[in-house]
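Chemist: what's the 3D shape of this:
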Amino acid sequence: MDGAVVRAERVEILDRDGRVRVVIGDLGPGAIGVSLVDEDGRRRASLSMIESVGTLLSFSPRGNEEALLGVLEGQSPADVTGGILMLADEDGVPVHLIRVADL
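Modeler: Prediction:
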């Protein structure tokens, strides 16, 4: 079955016009995952594992991160550990942050 394995650091899936629409693999410094990209090249949704931060599912319908669901390892900028839900306004400014530890 060795012939059925494809190995790569990053895979980009293109649309018919040659634009990147899906990225699988290396998403940037310390991050690996899957991102859905719009026709202008902006990430709109991502599932990622970020080294020393945690595992995150993020949604950016207007180009700014507006919803984030994740499990953080305590080395994030806010030094938060455990499950979180962050909701932001359309400019990406956090409005609500719910931590499982606070419930």
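Chemist: switch to C-alpha atoms for all contacts and neighbour counts from now on
Modeler: Will do.
Chemist: low-confidence ranges in the protein?
Modeler: Across the chain, the ranges flagged by pLDDT under 70 are 1-2, 74-80, 103.
Chemist: now do the same end-to-end measure for stretch 34-46.
Modeler: Taking C-alpha to C-alpha, to the nearest Å, stretch 34-46 runs 6 Å from one end to the other.
Chemist: Could you pull up phi and psi at Ala101?
Modeler: Dihedral angles of Ala101 (phi, psi; degrees, to the nearest 10) stand at phi -60, psi -20.
Chemist: How many residues are close by it?
Modeler: Neighbour count of Ala101, defined by other C-alpha atoms under 10 Å: 10.
Chemist: same thing with Asn64?
Modeler: Using other C-alpha under 10 Å, Asn64 has 17 neighbouring residues.
Chemist: which SSE is it in?
Modeler: Using DSSP states H and E, Asn64 maps to neither a helix nor a strand.
Chemist: For this protein, just list every one of the strands.
Modeler: Here the chain has its strands, by DSSP state E, at 10-14, 20-28, 31-37, 43-50, 54-59, 67-73, 81-88, 94-99.
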